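> Return a 3D structure for these sequence lines:
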Amino acid sequence: MRVFRSSGLAVFALLFAGGAATAGCYDVFGCSNVNRFRLADLMNGPNCEFLFEMRNGIYAEHHYCFVTPRAIAMFGNAGCRGQDPSALGMNGVEVGNATTIKQAEHAKGCSA
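Numbers count the residues shown, from 1 in each chain. Got it, this is the predicted structure:
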């Protein structure tokens, strides 16, 4: 199933409906847990806000404990398990995608 996320509320609803973690899936990029995102695609597509939602959505799926007010407001910290992404059970594709998204954010001059 492919889902296009357009707002923090939609992300929240998709991530926490039924309590199960679900991969972030996007029409253009695929699913964050199985499809490797390409930096060139991220540079030519989503804006900074969307990139922020994509990257932190990966962490939220694994119950990351957010520290910034922006991320807490968007994803919350209910049921969070820790702040070490390597201890949250993310697979290699998810880790790579979060890194690639962060690179796109940096290259575009997005604020943290």
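
> Show me where this structure has its helices.
8-16, 39-44, 48-61, 69-75, 92-108 (DSSP state H).

> so who does the residue lying closest to residue 107 once chain neighbours are set aside touch?
Leaving aside its chain neighbours, residue 107 sits nearest to residue 43 (6.2 Å; criterion: Cβ to Cβ, 6 or more residues apart in numbering). For the C-beta atoms, the positions are set from N, CA and C on the backbone; glycine is no exception. Residues in contact with residue 43, defined by Cβ atoms under 8 Å, 6 or more residues apart in numbering, are 104, 107, 108.

> The last one - how many residues pack around it?
Counted by other Cβ atoms under 10 Å, the residues lying close to residue 108 total 13.

> just the second one next, same as before
For residue 107, the number of neighbouring residues by other Cβ under 10 Å comes to 11.

> got it, and residue 84?
Using other Cβ under 10 Å, residue 84 has 9 neighbouring residues.

> Looking at it now. What's its pLDDT?
The model reports residue 84 with a pLDDT of 91.

> cool, the one 10 residues further on as well?
Residue 94 carries a pLDDT value of 96.

> Does it touch residue 32 like I think?
Yes. Using Cβ atoms under 8 Å, residue 94 makes contact with residue 32 at a distance of 5.9 Å.

> Could you dump the contacts of residue 43 into a markdown table and include distance to residue 77 and pLDDT?
Formatted as a markdown table, those follow (distance: Cβ to Cβ, whole Å; pLDDT from 0 to 100):
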| residue | distance to residue 77 | pLDDT |
| --- | --- | --- |
| 104 | 25 | 98 |
| 107 | 29 | 97 |
| 108 | 27 | 97 |
